[in-house]
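**Q** what would the 3D arrangement of this be:
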Amino acid sequence: MEYFGGKYDVIVIGAGHAGIEAGLASARLGASTAVFTINLDWVGNMPCNPSIGGTSKGHLVREIDALGGEMGKTADKYCLQSRMLNLGKGPAVHSLRAQIDRREYSAGMKHTMETTENLDIRQGEIVDLYKDGDDWCVVTKLEAVFRAKSVVLATGTFLGGRVYIGDVSYESGPDGMFPANELSKALYRLNIPLRRFKTGTPSRVNRRSIDFSELEVQNGDERTVPFSFETDSAPENKVVCHITYTNENTKNIILKNLHRSPMYSGRIEGKGPRYCPSFEDKIVRFADKQRHQLFIEPCGENTEEMYLQGLSSSLPEDVQLDFIHTIKGLENAMVMRPAYAIEYDCVDPTALKASLEFNDMDGLFGAGQFNGSSGYEEAAAQGLIAGINAARRVQGKEPVILDRGGSYIGTLIDDLVTKGCTDPYRMMTSRSEYRLVLRQDNADLRLTPLGYEIGLISEDRYAKFKEKTELIENEMQRVTSLSVAPSEDLQKMLESKGTSRLKTGCKMIEILRRPQITYEDLEPFDTNRPDLPYEIFEQVEISIKYEGYIKKQEAQIKEMRRLEAKKIPENIDYFALKGLRLEAVEKLSKIRPQNLGQAGRISGVNPADITALNIILESMDDDR
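**A** Got it, this is the predicted structure:
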């Protein structure tokens, strides 16, 4: 028999990376908030891999932090090894990645939620969801009914979850937890457009069974960088990772047993991630490759479990053991957890607005893998925005919308709600047309003022931020006006860097514009350089070296925002408009873009349609 459990402003369903950020953001903005999870011991679990960040994902974590989110701070606290990826390329693609102690991270996030004002974290499976007047009602398996003005669905891979290992399949969430089957049925009753996606994870092996003498060592960076702009000390490298390779024997075992893979036998219906394929999929798709690189990474300081990055599989357990034992260093590896694939329900994200609220269901929001994305970082970014907007809706405030020109988070959300996805969406630097402006190093300069305006950045942090921006401006002015004499030592340094000598003295800024020269190279010749943090010099150097390219992208962003400023009425009837092609009418009616810029990014809507729509909108303005 159902009973009334309580009422909140915002209820979040799920306590993975999306649910955590959603719950914390909502509560910190003053909304009474409850986060429900099937198992409190697995808050912030990392079932896929024991790391945070990576190419473009590191950008997302730093943006989450710049807005006032939690992931970066907790990742810094439980970091085992830190590396900045792509340092051999330009700063636009530099991305931070860190090995994380997964159980400590989970416990730390749980404690943060437990100690946050306005936030209740509760163990309970949600089995039903429905609207009653202005309230959303959620029902637990123990028949308690809770009411809220806003609800955030952050269900991860639990929704209708089913695990596959060879011929064996069973209903399950990740890491052997219960699936959320009843909630899936409730969402179908609400006519929410669900579909099946799939992801997977590799085996875990016992450290003592690995022959490390056969492996390449991968150390962390000598100069480490934290994710959070609030972290005072650089993360410490506590562990090393290792590299090994598959071989012809590994490949032959996979090919011999391909018919036993549920992916190739047709048992798995869900679409898997394009950019993070299973190992058997790699063998088929890249048939000419003789070997594949694998990374062996620790799962924590107080466990002997080692993660085999790059070896995700859904083959039977006996086949997994066979191909693992063909790999150098893993010949006697003892598998503690087998690899598996997991299939789950998620929504077609084109059913959502850019605020992550459903188009036709006021107060219902989606975040994370529920929205068709993959990855902890993508999930946390969406959770932060969904939590902010769920709280602001209750408080009668306008939603926060991030655009493509201001953040990777804005790019991620715009891609999902405007273009949709046919497989789990993964963020990449190539997805942003403005990536030179949207670097990981300047995330705070781009987003912290907004985080402060929203209410997630404290006065103390904002004061420190303003001090940083002032230091950058002062150093830029100093470098711009500083002249450097062409001493013999300077000439030798320039030659050693492969650049031309100076004929006469020149401004320091002119030397820094040379791509071969860094700020550090000029330190011996800059006798009056102030004692500033590295990050200040970094911002000045990048601004000088890429000034022309940055100005070009800023002009493109300005034009994009001009189109974004042209709002489209929510209740517009596209079928009643003349001058639009039928395909455009159908796509516009389904996605319901909020502005002309977003409309232009919808597949199937061409420039002629946008021109016609713009004329129609202008005539509507004239009529008003």
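
**Q** and the helices in the stretch 501-624 of the chain?
**A** Ranges of helices within the stretch 501-624 of the chain are 508-512, 534-545, 547-564, 582-591, 596-600, 607-623, based on DSSP state H, counting those that start in this stretch.

**Q** which of these is buried the deepest?
**A** A comparison of the helices of the stretch 501-624 of the chain by mean neighbour count, using mean count of other CB atoms under 10 Å, puts helix 596-600 on top with a mean of 22. For glycine as for every other residue, the C-beta is placed from the backbone atoms N, C-alpha and C.

**Q** and it, what other elements does it pack with?
**A** When contacts are defined as 3 or more CB pairs under 8 Å, 6 or more residues apart in numbering; DSSP states H and E, helix 596-600 packs onto helix 547-564, helix 607-623.

**Q** for residue 182, which of the helices of the stretch 501-624 of the chain is the nearest?
**A** Nearest to residue 182 among the helices of the stretch 501-624 of the chain is helix 582-591 (28.6 Å), distances taken as CB to CB.

**Q** quick one, the closest one and helix 607-623 angle?
**A** Helix 582-591 and helix 607-623 meet at an angle of 60 degrees, taking axes from the mean of the first three to the mean of the last three CA atoms, to 10 degrees as the criterion.

**Q** for helix 582-591, which outside residues touch it?
**A** Contact partners of helix 582-591, identified using CB atoms under 8 Å, 6 or more residues apart in numbering, comprise 350, 417-418, 574-575, 577, 580, 599, 602-606, 609, 613.

**Q** are any of those buried, and which?
**A** Among the contacts of helix 582-591, those classed as buried by 16 or more other CB atoms under 10 Å are 350, 417-418, 574, 580, 599, 602, 605, 609, 613.

**Q** ok, so of those residues, who is nearest residue 13?
**A** residue 417 (19.8 Å).

**Q** surely the closest one meets residue 352?
**A** Yes. Counting by CB atoms under 8 Å, residue 417 does reach residue 352; the two are 4.9 Å apart.

**Q** contacts only, for the closest residue to residue 77 other than its chain neighbours.
**A** Of all residues not flanking residue 77 in the chain, residue 108 sits nearest, at 6.1 Å (CB to CB, 6 or more residues apart in numbering). Going by CB under 8 Å, 6+ apart, residue 108 touches 44, 74, 77-78.

**Q** out of the helices of the stretch 501-624 of the chain, which comes closest to residue 492?
**A** Among the helices of the stretch 501-624 of the chain, helix 508-512 comes nearest to residue 492, with 14.0 Å by CB to CB.

**Q** which stretch in the helices and strands packed on helix 596-600 is the model least sure about?
**A** Lowest mean pLDDT of the helices and strands packed on helix 596-600: helix 607-623, a mean of 86.

**Q** quick one on the thing from earlier: can I get the buried ones among the contacts of helix 582-591 in TSV including distance to residue 389?
**A** Converted to TSV, the buried ones among the contacts of helix 582-591 look like this (distance: CB to CB, whole Å):
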residue	distance to residue 389
350	18
417	13
418	17
574	25
580	30
599	21
602	22
605	25
609	29
613	26
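
**Q** in those residues, find the pair that's most separated.
**A** Most distant of the buried ones among the contacts of helix 582-591, by CB to CB, are 417 and 580, 20.5 Å apart.

**Q** is it true that residue 244 lies in a strand?
**A** Yes. Counting by DSSP: H, G, I helix; E, B strand; the rest coil, residue 244 is found in a strand.

**Q** partners of it in the sheet?
**A** Taking DSSP bridges as the rule, residue 244 bridges to residue 294.

**Q** what pLDDT does the residue nearest to residue 348 when sequence neighbours are not counted get?
**A** In this structure, residue 348 finds its nearest non-sequential neighbour in residue 193, 4.3 Å apart by CB to CB, 6+ apart. With respect to pLDDT, residue 193 scores 96.

**Q** residues in contact with residue 193?
**A** Residue 193 neighbours (CB under 8 Å, 6+ apart): 347-348, 351.
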